[in-house]
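Asker: have a look; sequence and predicted model below, questions after that.
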Amino acid sequence: MNFPTQQLNNIDTPFYFYDADLLRTTLDNINEEAGKYDNFCVHYAVKANANPKLLRIIAKSGMGADCVSGGEVEAAVAAGFPANKIVFAGVAKADWEIELGLNLSIACFNVESLPELEVINELAGNLETKANVAFRINPEVGAHTHANITTGTAENKFGIAMRDMTKAIRIANEMPNVNFTGLHFHIGSQILEMDDFAALCQRVNELQDQLEAEGITLQSINVGGGLGVDYQDPDANPVPNFKDFFKTYADGLKLRDGQTLHFELGRSVVAQCGTLITRTLYIKQGVAKQFLIVDAGFTDLIRPALYDAYHKIENIMSNEAEEVYDVVGPICESTDVFGKARKVNKTKRGDLIALRSAGAYGEIMASGYNCRQLPKGWTSDEL
């Protein structure tokens, strides 16, 4: 990525810089590849990044929105996403959040338990309306990814077990204020092996056959998201492999006539366009290593501390030979480390450091721990 270093150097650090052109290129690629297949509908997973500037760009692309809170629903609507393209998931929707979705006539609630279904039916009745609902089913398909972001197994807080699927559908079909539309799945995040998605296709096919044998048909199937990005070399692969991703589902799923297939892409949409820009405060020489100390911490980008996640680290102001540093922040916690034994161009106090591929689960997860200010986000359109 070519950074506008002079302009960035005039902004108070730390902050997020978003390449709006790369985001638009990514969105165009998604629309091109998904558009090859009839009835493929893509929703942006707002939890990945809810920066209003990015949301407006994504909404203009024609995507729907996937939300997991009432606040995300409000942010999506404010950014221009049509309410009839919003799907609302989450294991613990509060009454006000459900009522918000009902009043907006959103496309669908992705329901994760029978108690939630009962509440939606009751609240819809109070408002004299009817809610479209899909059931999130745990397909017991393991994903080759970090344990903390695997969600498709039987025993976790998300979704409904396969053994309870038919019972839940029959209960929904007897309720006066809900309209059962289909099934929702999500097996995990940062998945790079298409075989994982192919395994999900096989399981969905089995479930469809099982339901149809019992006289139950589905209007829609939602396979979630999960497509990963190249954190190691973002310049080599700035746009994820959407071609193979959508083709895997087109080849593997046995869709019925008229069925719609829904996707919820988050990380793969915004990760590569975002970079955390931070300034070098000190170079500290240790006993056996040297520390590159920056003014950003895990309050600004928590992924390395939370998941031991890798982000490429670059000095965007130096052309000198590389040296080896532990890149660390100012937070009073030993886990406030962005990378150990990293090769970075020789760095001095004041140099700008870029933590790449930070557009997803970066700014949105920032906190005020240590009474720190939240980082701001700037797009290339503004500079």
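Answerer: Everything's here; your move.
Asker: from the chain's centre, how far out does stretch 276-287 sit?
Answerer: Per CA atoms, centre = their mean, to the nearest Å, the displacement of stretch 276-287 from the mean C-alpha position of its chain is 30 Å.
Asker: buried residues in it, which are they?
Answerer: Neighbour counts over stretch 276-287 (16 or more other CB atoms under 10 Å) mark 276-281, 283 as buried. Any C-beta I mention is one placed from the backbone N, CA and C, and that applies to glycine too.
Asker: next, format the residues you listed as JSON lines and append pLDDT, secondary structure and distance to residue 186.
Answerer: Below are the buried residues of stretch 276-287 laid out as JSON lines (pLDDT from 0 to 100; DSSP: H, G, I helix; E, B strand; the rest coil; distance: CB to CB, whole Å):
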{"residue": "276", "pLDDT": "99", "secondary structure": "strand", "distance to residue 186": "26"}
{"residue": "277", "pLDDT": "99", "secondary structure": "strand", "distance to residue 186": "32"}
{"residue": "278", "pLDDT": "99", "secondary structure": "strand", "distance to residue 186": "32"}
{"residue": "279", "pLDDT": "98", "secondary structure": "strand", "distance to residue 186": "38"}
{"residue": "280", "pLDDT": "98", "secondary structure": "strand", "distance to residue 186": "39"}
{"residue": "281", "pLDDT": "98", "secondary structure": "strand", "distance to residue 186": "40"}
{"residue": "283", "pLDDT": "98", "secondary structure": "strand", "distance to residue 186": "43"}
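Asker: show the contacting residues for the most centrally placed residue in the chain.
Answerer: Geometric centre of the chain, nearest residue: residue 266, 3.1 Å, by CA atoms, centre = their mean. Residue 266 is in contact with 44-49, 66, 189, 225, 360, counting by CB atoms under 8 Å, 6 or more residues apart in numbering.
Asker: change it to 7 Å
Answerer: Going by CB atoms under 7 Å, 6 or more residues apart in numbering, residue 266 touches 44-45, 47-48, 225, 360.
Asker: who wins on neighbours among these?
Answerer: Among the contacts of residue 266, residue 44 has the most neighbours (other CB atoms under 10 Å), with 30 neighbours.
Asker: host element of that residue?
Answerer: For residue 44, the element it lies in under DSSP states H and E is strand 40-45.
Asker: strands of the stretch 1-150 of the chain, start to end?
Answerer: Ranges of strands within the stretch 1-150 of the chain are 15-18, 40-45, 64-67, 86-88, 108-111, 131-138, based on DSSP state E, counting those that start in this stretch.
Asker: hmm, who's touching the third one?
Answerer: Strand 64-67 has contacts (CB under 7 Å, 6+ apart) with 41-46, 73, 76, 81, 85-89, 264.
Asker: the bottom helix or strand of the chain by mean pLDDT?
Answerer: Taking mean pLDDT, DSSP states H and E as the measure, the chain has strand 160-161 as its least confident helix or strand, at a mean of 93.
Asker: for the strand holding residue 44, packing partners?
Answerer: helix 20-34, strand 64-67, strand 260-265 (3 or more CB pairs under 7 Å, 6 or more residues apart in numbering; DSSP states H and E).
Asker: what's around residue 212, how many residues?
Answerer: 12.
Asker: what lines up beside the least confident helix or strand of the chain in the sheet?
Answerer: Paired neighbours of strand 160-161 in the sheet (DSSP bridges): strand 131-138 (parallel).
Asker: between strand 260-265 and the partner strand, find me the angle.
Answerer: 70 degrees (axes from the mean of the first three to the mean of the last three CA atoms, to 10 degrees).
Asker: how far does strand 131-138 sit from the chain's center?
Answerer: Per CA atoms, centre = their mean, the centroid offset for strand 131-138 relative to its chain is 19 Å.
Asker: for that strand, C-alpha coordinates in CSV please.
Answerer: Presented in CSV, the C-alpha positions along strand 131-138 are these (Å, rounded to 0.1, in the frame of the first residue of the first chain):
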residue,chain,number,x,y,z
ALA,A,131,-41.6,-11.2,12.3
ASN,A,132,-39.6,-13.2,9.7
VAL,A,133,-37.4,-15.6,11.5
ALA,A,134,-34.6,-18.1,10.6
PHE,A,135,-33.0,-20.5,13.0
ARG,A,136,-29.3,-20.5,13.6
ILE,A,137,-28.3,-24.1,13.6
ASN,A,138,-25.0,-25.5,14.9
